[in-house]
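Participant: Sequence below, structure please.
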Amino acid sequence: MARSSTKTPSTPGLITYRFKQAMAYVKPAENHDEAAEYAKEVFGELNDTPSNRISFSITVRVQDKIQTVTITPRAWRDTMGSLAKFEIVDISVTEPRPSRPASIVIDSPHDAPPQYSSRSEKEADMYQDEKYLTSDYSPKTRSRSPSPSPSSRNPISRGLDLLQRLSGAS
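Facilitator: The predicted structure is shown next:
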């Protein structure tokens with residue numbers, strides 16, 4: 001029985017990290033987090049930068065255009081396997097993401113959500129509707145309304161019915 005094996009790309013022995021104008025040869029890291037730690041060791045300016053803000057990218061040519069491609073943490077290993085020896089990996093520091101507020105604070109009544117009427121008020125409003133003002137209506141004996149006729153469902157038919165009634169009334 002044949003076994004399927006996943007081929008791991010061979011990583012180059014050395015790659016080049018570039019941060020701002022400085023460059024350094026490094027051994028490729030196993031993963032994105034380790035790469036961020038290497039970058040901090042090599043470029044002292046990154047020491048106080050949280051690892052999750054250190055970003056890596058390479059410059060590629062796509063259809064005769066030069067583009068920068070970010071290396072995501074999940075693609076790190078495969079990307080390293082496709083690099084040439086001494087290829088340049090650019091390092092940048094991303095902006096911190098704005099943090100979400102832990103809770104919503106209401107400073108004034110104008111910031112508060114709207115107050116909805118209680119259930120009894122809603123039911124009272126329902127009884128003000130004309131269809132409920134008949135003497136034989138009881139909320140306990142509600143029944144389903146009959147399904148609309150085909151002509152009432154079709155807006156064109158309703159329009160034609162209305163025109164016929166209007167022309168007959170004049």
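Participant: looking at this protein, which helix or strand does the model trust least?
Facilitator: Within the chain, no helix or strand scores below helix 150-153, which has a mean of 50 by mean pLDDT, DSSP states H and E.
Participant: sec struct for D78, please.
Facilitator: helix (DSSP: H, G, I helix; E, B strand; the rest coil).
Participant: Partner strands of the biggest strand by length in the chain, with direction?
Facilitator: Taking DSSP state E as the criterion, the chain has its longest strand at strand 54-62. Strand 54-62 has the following sheet partners, assigned by DSSP bridges: strand 65-71 (antiparallel), strand 88-93 (antiparallel).
Participant: can you tell which of these is closest to F43?
Facilitator: F43 lies closest to strand 88-93 among these, at 7.1 Å (C-beta to C-beta). C-beta coordinates here come from the backbone N, C-alpha and C atoms, glycine included.
Participant: so where's this structure uncertain?
Facilitator: In the predicted model of the chain, residues 1-9, 100-159, 169-170 satisfy pLDDT under 70.
Participant: switch the cut-off to 80
Facilitator: 1-12, 96-170 (pLDDT under 80).
Participant: all helices in it, in order from the N-terminus.
Facilitator: Per DSSP state H, the chain carries helices over the ranges 32-42, 76-82, 119-126, 150-153, 155-169.
Participant: how much space between the closest residue to T72 other than its chain neighbours and Q164?
Facilitator: Counting by C-beta to C-beta, 6 or more residues apart in numbering, T72 lies nearest to H32, which is 7.6 Å off, once chain neighbours are set aside. Per C-beta to C-beta, to the nearest Å, H32 is found 73 Å from Q164.
Participant: So the two - more neighbours on which side?
Facilitator: More neighbours surround H32 than the other of H32 and Q164, with 21 against 10 (other C-beta atoms under 10 Å).
Participant: Do I have it right that that one meets P73?
Facilitator: Yes. Using C-beta atoms under 8 Å, H32 is in contact with P73, at 3.7 Å.
Participant: Identify the contacts common to the two.
Facilitator: The contact sets of H32 and P73 do not overlap (C-beta atoms under 8 Å, 6 or more residues apart in numbering).
Participant: if we can go back for a sec, just name the most buried of the strands paired with strand 54-62.
Facilitator: strand 88-93 (a mean of 18; mean count of other C-beta atoms under 10 Å).
Participant: and the angle from it to helix 32-42?
Facilitator: 90 degrees (axes from the mean of the first three to the mean of the last three C-alpha atoms, to 10 degrees).
Participant: quick one: the residue nearest to S51 when sequence neighbours are not counted from S10, how far?
Facilitator: Excluding the flanking residues, the one nearest S51 by C-beta to C-beta, 6+ apart is A36, at 3.9 Å. To S10, A36 is 23 Å away according to C-beta to C-beta.
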